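Engineer: Sharing a sequence plus its predicted fold:
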Amino acid sequence: MRLARESRYAIEALLVLADHEPDAFIDAREIVDAAGLPLAYLHKIMRALAEGGVLVSRRGRGYALARAPEEITMAEVLTAVEGPDVFGGRCVFWREECSTEDPCDLHFRWRDVRPLIESAIGGTTLAEVRASREILRA
């Protein structure tokens, strides 16, 4: 499982939105400035998140979370940005895809670990990520 830089940017942008009042629309420039993200990536990422039902976009107003941070999971975020095979189809080791029919050398271990990672990361909410960030900064 290899996550793209866009996934990190997506989480950073969502954390900016989570720090505002619910239903507050935040301009792209404010998100970029607050999170230190490149504007060139932001629009593409935010469009994917909107299509994935994670946020709402309003022309001229910006972006807002579609639901409370406690209701948005990292599985939703990563699937919106990375695609539906984010936890399943990609091998963490040397090959883009491996399977039972065409396994890589460490497939036997990845097969056991993948569901654990999917559960731990996928089930994590945006609120939990925000809370852990606050603890780490304290």
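Structural biologist: Great, that's in hand.

Engineer: contacts, neighbours, all on C-alpha from now
Structural biologist: Will do.

Engineer: CA atoms only: put stretch 59-75 into CSV for me.
Structural biologist: Below are the C-alpha coordinates for stretch 59-75, written out as CSV (Å, rounded to 0.1, in the frame of the first residue of the first chain):
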residue,chain,number,x,y,z
ARG,A,59,-18.4,28.2,-6.8
GLY,A,60,-17.4,31.5,-5.4
ARG,A,61,-17.7,30.3,-1.8
GLY,A,62,-15.1,27.5,-1.5
TYR,A,63,-15.3,24.2,0.3
ALA,A,64,-16.9,22.8,3.4
LEU,A,65,-17.0,19.3,5.0
ALA,A,66,-20.0,17.3,3.9
ARG,A,67,-20.4,15.9,7.4
ALA,A,68,-19.0,16.3,10.9
PRO,A,69,-15.3,15.2,11.2
GLU,A,70,-16.5,12.4,13.5
GLU,A,71,-18.4,10.9,10.5
ILE,A,72,-15.6,11.1,7.9
THR,A,73,-13.3,8.1,7.8
MET,A,74,-9.9,7.9,6.2
ALA,A,75,-11.2,5.0,4.1
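
Engineer: Off-centre distance for that stretch?
Structural biologist: For stretch 59-75, the distance from its own C-alpha centre to the chain's C-alpha centre is 11 Å (C-alpha atoms, centre = their mean, to the nearest Å).

Engineer: buried residues in that stretch?
Structural biologist: Judged by neighbour count (16 or more other C-alpha atoms under 10 Å), stretch 59-75 contains these buried residues: Gly62, Tyr63, Ala64, Leu65, Ala66, Pro69, Ile72, Thr73, Met74, Ala75.

Engineer: could I get the residues you listed as TSV with secondary structure?
Structural biologist: Listed next are the buried residues of stretch 59-75 as TSV, based on DSSP: H, G, I helix; E, B strand; the rest coil:
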residue	secondary structure
Gly62	strand
Tyr63	strand
Ala64	strand
Leu65	strand
Ala66	coil
Pro69	helix
Ile72	coil
Thr73	strand
Met74	helix
Ala75	helix
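
Engineer: No further questions, thank you.
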